[in-house]
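> What follows is a predicted protein model with its sequence.
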Amino acid sequence: MKKRVQIFDTTLRDGEQSPGFSMNHAEKLRMAEQLERLGVDVIEAGFPIASDGDFEAVKEISKRITDCQVAGLCRIRVEDISRAWEALQYAKHPRIHTFVATSDIHLVHKLNMSRQQVLAAAVSGVTYARNLCEIVEFSAEDASRTDPDYLCQITEAVIDAGATIVNIPDTVGYAVPDEFGGLIRYLKENVSNIDKAIISVHCHNDLGLAVANSLAAVQNGAQQIECTINGIGERAGNASLEEIVMALLVRQAYYHTDTSVNTKEIFPASQLLAEITGNEVQPNKAIVGRNAFAHEAGIHQDGMLKNPLTYEIMTPQTVGVPQNLLVLGKHSGRRALDARLQDLGFTFSKDEINSIYTCFTVLADHKKTITDEDLVYLTKVGLESTDSKVISKNIQEYINQ
Ligand code: KIV
Ligand code: ZN
């Protein structure tokens, strides 16, 4: 039987707090509406006590979004939790997300508190939050560098105090997959009341392992993944939503899980975020990058034209990318050239294609990508002469235009 993994999107909180990704009020609302269309389970809309702007955004998103839970982040202090609730109370499905650091490094150098003090503060914060809201998430910041037995102790205590979700963040992106999966298993085996809460994970990408760590956690019992569109977030970012969702979908037979995400809305969400923040997605980014479905090498293009299964593990349409892109460049073969020319309405004999292809390779040595406009020109010069000197001269003139 398939298990359902909840997708908790934190693009508007962890993502938005990273340099170069801030959004204004209207932009946050547009993004939240797209996340609702995407079908995530939870939208973390902001950190209400951090600024009036964050407060207003969480409040407005709470009023507008009806299909997803809306979460607001707060530390375990009463004034933080109250402020979060002031904004979240309008939500149809509100969630208070409260956190405190639990690793000795943070306790000693940041909080100046003992383990017992942090545990007591976490319990009273969760108790207070639970009196306001039915759904309360507790995050043990820097959990992956926390003593596992202390992590079990505090997890058990906050569940007793009413936490319905316990989140285990790899805050500094330090964990590796086997180890992180093992930590989730350890919690499942050593926290007596763990079945009363959902286990969540929140992985950062400092070593490029955020998605791998999140998937390892799912294999070991995590039921919620926190992630962001395009993987944005503090420093190297968070686990990327599109990679998580598509890994679980494409490898469903392996993970036996599903999500509520409407994958056709993935690319539109990625594009909207890029447009709003002015940060283009890197071309080779998995799932949503410009090259994610582009095949340039001749052998690959030939295989794709014969049967897409040869080089494609998911279709671009599944994630809402308008069409498959066969990029024509110096690695492309005759078949791809012919296919593109046919798309443009040309029909040529084999010999004609061979001549056009000769010109194409000369131009491709000078230009990275051959556009449709270039192709129209090549159909003329390609049929004019087969003399290599004439071809070089013509192409040189075309480049110099
Ligand atoms: O990275 C982190 O630990 C966080 C928590 C607040 C969940 O963002
Ligand atoms: Zn984080």
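The structure has been received and is ready for your questions. Residues are numbered from 1 along each chain as shown. Ligands and ions are numbered 1, 2, ... in the order given.
> and the closest residue to ligand 1 within the stretch 201-350 of the chain, helix, strand or coil?
Per CB to the nearest ligand atom, residue 202 is where the stretch 201-350 of the chain lies closest to ligand 1, at 4.8 Å. Heads up, the C-betas are built off the backbone N, CA and C, glycines and all. Under the three-state scheme (DSSP: H, G, I helix; E, B strand; the rest coil), residue 202 adopts strand.
> Would you enumerate the residues in contact with it?
8, 10, 14, 139, 167, 168, 169, 170, 171, 226, 238, 239 (CB atoms under 8 Å, 6 or more residues apart in numbering).
> if you set the cut-off to 6 Å instead, what comes out?
167, 169, 226 (CB atoms under 6 Å, 6 or more residues apart in numbering).
> Mind telling me what element the second one is part of?
Following DSSP states H and E, one finds residue 169 within strand 165-170.
> Give the next helix or strand downstream of that strand.
Using DSSP H and E, the first helix or strand after strand 165-170 is helix 177-190.
> Buried ones in that next one, by neighbour count?
Neighbour counts over helix 177-190 (16 or more other CB atoms under 10 Å) mark 177, 180, 181, 182, 183, 184, 185, 187 as buried.
> Also stretch 66-77?
Residues of stretch 66-77 classed as buried by neighbour count (16+ other CB under 10 Å): 68, 69, 70, 71, 72, 73, 74, 75, 76, 77.
> And for stretch 368-376?
Buried residues in stretch 368-376 (16+ other CB under 10 Å): 370, 374, 375.
> what does stretch 275-289 give?
Buried residues in stretch 275-289, counted by 16+ other CB under 10 Å: 276, 277, 281, 285, 287, 288, 289.
> Which residue lies closest in space to the second one, excluding its sequence neighbours?
Excluding its sequence neighbours, the residue lying closest to residue 277 (CB to CB, 6 or more residues apart in numbering) is residue 21, at 4.9 Å.
> Alongside ligand 1, which residues does this structure contribute?
With CB under 6 Å from any ligand atom as the criterion, the chain meets ligand 1 at residues 14, 99, 139, 141, 167, 169, 171, 202, 204.
> Top of those residues by number of neighbours, please.
Of all those, residue 202 has the most neighbours under the rule other CB atoms under 10 Å, reaching 29 neighbours.
> what does the helix or strand encompassing residue 246 contact?
Taking DSSP H and E as the criterion, residue 246 maps to helix 241-250. Outside of helix 241-250, the residues within contact range by CB under 6 Å, 6+ apart are 211, 214, 225, 227, 229, 255, 257, 259, 261, 266, 286-288, 313-314.
> Recalculate using a threshold of 7 Å.
5, 7, 9, 211, 214-215, 225, 227-229, 255, 257-259, 261, 263, 266, 270, 286-288, 313-314, 319 (CB atoms under 7 Å, 6 or more residues apart in numbering).
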